[in-house]
Structure formats: structure tokens, C-alpha cells
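Asker: Starting from these lines, generate the structure:
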Amino acid sequence: MNLRGLAVNRFSPWLLSSLLLGGCLQDDADLALGTLERDRIALTATVAEVIVDLPVVEGTQVTKGRVLAQLDARQQQAEVERATAEVAQAQAHLEQLRNGARPEEIAAARARVAGAEAELRDAEITYQRNQELMEKKSVSKAELDRTLAQRDGAQADLDQAKQQLDELLAGTRVEELAQAQAELNAAEARLSYQQALLDDLTIVATRDGILDSLPWNLGERVTVGSPVAVMLAGTAPYARVYVPEPHRVAIKEGDALTVRIDGLKDALSGQVRWISALPAFTPYYALNAEDRSRLVYLTEVQLPATAADLPNGVPVQVELPPVAQQ
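Answerer: Below you'll find the model as predicted:
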């Protein structure tokens, strides 16, 4: 008994450390490690313009639609006004064609027809008189030909005046209305495009979140495609962790998991919002059982709204369901 007790006492520190180490390894195997994150949204510039206003300071909680930065819009505003004038012109043209000729225009066309008829009668009388005089050798052949040309010209003028009157009375053709409508549609599309460019000069929050940074200073000219404001979206962060391969089959989107965060005494309950279908190391098909256990799957666990004040980058531990024994 004494020898057995001495042996136990002699080796108990080693046994204790082994048991503790084994317990830590077991605990670590059932944990997914990572950090707190939020969706990072970069709001970029579509044109190279000067920043004229930065109404929100970095670190401010903002809601969707709040103005974060304003670029100089004077030049683009002029483009919008020009496009607006083109739309008004196209609308007036289309309306004019739809309404047809005014009564005054029709009356003027009738007057031109009457005048052309009078000119034709006068030219016809002159030609007939010269034709009679030609038979009496009182006028030359050239004079007769001249009066004949005048008569034919008067007839052509009358035909033209009648055609113009008929056109006014018949109204606008369907093809002309379709062409005018197409011109109006094109002008409205140009206006919409220019208005969209103008709206892009006002940088607004596209989601609720935190204004993380403003890379450009007031008065600087931004470059096309560069971030003007960077947001951390969402009211609460999520835990971005790496789930070990043995636990992958036991976790699916929507599962509730316990999340422990450095600095917080109590654990939080999170919900799996996304888990990668591909492991972090490849090729997975060439790995044996031991190697497969080292694979990890990137996973996002959404935290509740009560965690809204937690900062990004804090280490977290997510407790995983135990692995089924095979």
C-alpha cells in the first residue's frame, strides 16, 4: 500500500499535467477560433471631382441614406439642365405633331392655293392671247414660248399649294409620330443617365452601420474608383471563425452556437449565417483521415443586437457540437 501510494504520489504531477493537457486539447478540438468582424463597404467615386463637404465624422453610427460626403456637382448639374431642356423640346415637338396644324396655318394654305389659282388663270389668259396673236404674226414664237412656260410654272405652283393644304388637312402621319416619340424616349433616357451621375456625387450610406474611415480630406480631388467613405455595415458584428473538418457535417446555416469573446464574462448566443463549402487547404480528395482533420472551413456566426458595441478584431471562440464517434 505504501509503495503503491508512493508511486502514485511520485507520478501524480505528471499524471495531472497529462490529464490537464489532454483536457485542453479536447476543449480546443471543440472550438472554432477567429475574430469579430463586420461587412466592410467601400463607397467609391464615379468621377474625379473635389470634395466640398464631409458632414459626418469617422466612427459615427449612421443609418441607410445618410449623406457621408459631397463632391462638387456644378458641372454635372449643368449637364442635367441641358438634358432637361432636350426633353422639353422633344415633348413640345411630339405635342405639336399630335395636335396637327392650327386653323391659322390651314387658312394660310387655302390662301396660297387661291393665289396660285389666280396666277394660273392670268398665265392661261396671257398664253391664249399670245397664241391668237401668233396666228396673226403679231408676236414672235419666243414670246409665245415664254408665256407657255409661265402658264406651266403657275400650274406647278398651284399643285404644290394644293399638296401642302392636303397635308395639313390630313394631319401628321403615324411614322412621324413614332419618330417623335422615339426622340422623346431617347431624351428622357439621357436625362435619367445624367441625373444618376449627379446623384452619384452625393455619397450616402447604403446600409446601417458605422462610418469607419474617410480616406480623402475636404478640398481634395478624388480619383475615379477610389473609396470616398468606408463603412462597417450592420448593427452587430459577426464572428469569423474556422471550423475544424470533423465538425463540419454537424453544422449548418441557422444553427445556434455559443460564442465567447475576450473581455466578456458571459457567453453570447450566435447564429450561423454562412459556412464555406470549400476547405482552407486543397486538394481535399488526396488527404487521408489524419490530414483531413487539419482542414478548416471559414464560417460566419452572427451575434445578437446586444453585441452592437463590440469592436472589430477582438478574438472569439465558438463552441462546436461534439464530433460523432465512428
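Asker: Would you tell me which helix is longest in the protein?
Answerer: Longest helix in the chain by number of residues (criterion: DSSP state H): helix 103-135.
Asker: Going along the chain, name the strands of the stretch 151-300 of the chain.
Answerer: Counting by DSSP state E, counting those that start in this stretch, the stretch 151-300 of the chain has strands at residues 202-204, 209-213, 227-244, 256-261, 268-275, 296-302.
Asker: if I pick Gly263, what's in contact with it?
Answerer: Contact partners of Gly263, counting by CB atoms under 8 Å, 6 or more residues apart in numbering, are Val314. (C-beta placed from N, C-alpha, C; glycine too.)
Asker: Kindly list the main-chain dihedrals of it?
Answerer: phi 100, psi -10 (degrees, to the nearest 10).
Asker: ok, back up a step: now the strands of the stretch 151-300 of the chain as TSV including mean neighbour count?
Answerer: What follows is those, written out as TSV (neighbours: other CB atoms under 10 Å):
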stretch	mean neighbour count
strand 202-204	18
strand 209-213	19
strand 227-244	21
strand 256-261	18
strand 268-275	17
strand 296-302	21
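Asker: Surely His93 touches Ala187?
Answerer: No. In this structure, His93 is not within contact of Ala187 by CB atoms under 8 Å, at 10.0 Å.
Asker: Comparing these two, which residue is more hemmed in?
Answerer: Ala187 (20 against 16; other CB atoms under 10 Å).
Asker: The more buried one reaches Leu94, doesn't it?
Answerer: No. The pair Ala187 / Leu94 is not scored as a contact, 10.2 Å apart, by CB under 8 Å.
Asker: how much space is there between Ala107 and Val113?
Answerer: 11 Å (CB to CB, to the nearest Å).
Asker: And for Pro311?
Answerer: 88 Å.
Asker: which residues does the nearest residue to Pro315 once chain neighbours are set aside contact?
Answerer: Closest residue in space to Pro315, ignoring its immediate chain neighbours: Asp262 at 4.9 Å, by CB to CB, 6 or more residues apart in numbering. Applying CB under 8 Å, 6+ apart to Asp262 gives the contacts Val314, Pro315, Val316.
Asker: ok, back up a step: quick one: which of Pro311 and Val113 has more around it?
Answerer: Neighbours around Pro311 and Val113, counted as other CB under 10 Å, are more numerous at Val113. The numbers are 20 against 11.
Asker: Please tell me how far the more buried one sits from Ala156.
Answerer: Taken as CB to CB, the span from Val113 to Ala156 is 13 Å.
Asker: hang on, the earlier thing: return the member of the contacts of Asp262 nearest to Ala42.
Answerer: Val314 (22.5 Å; CB to CB).
Asker: The closest one contacts Gly34, correct?
Answerer: No. Between Val314 and Gly34 there is no contact under CB under 8 Å: 10.0 Å.
Asker: Would you mind giving the secondary structure of Gln70?
Answerer: Under DSSP: H, G, I helix; E, B strand; the rest coil, the three-state class of Gln70 is strand.
Asker: Which residue, other than its chain neighbours, is closest to it?
Answerer: Asp53 (3.9 Å).
Asker: Lovely, talk soon.
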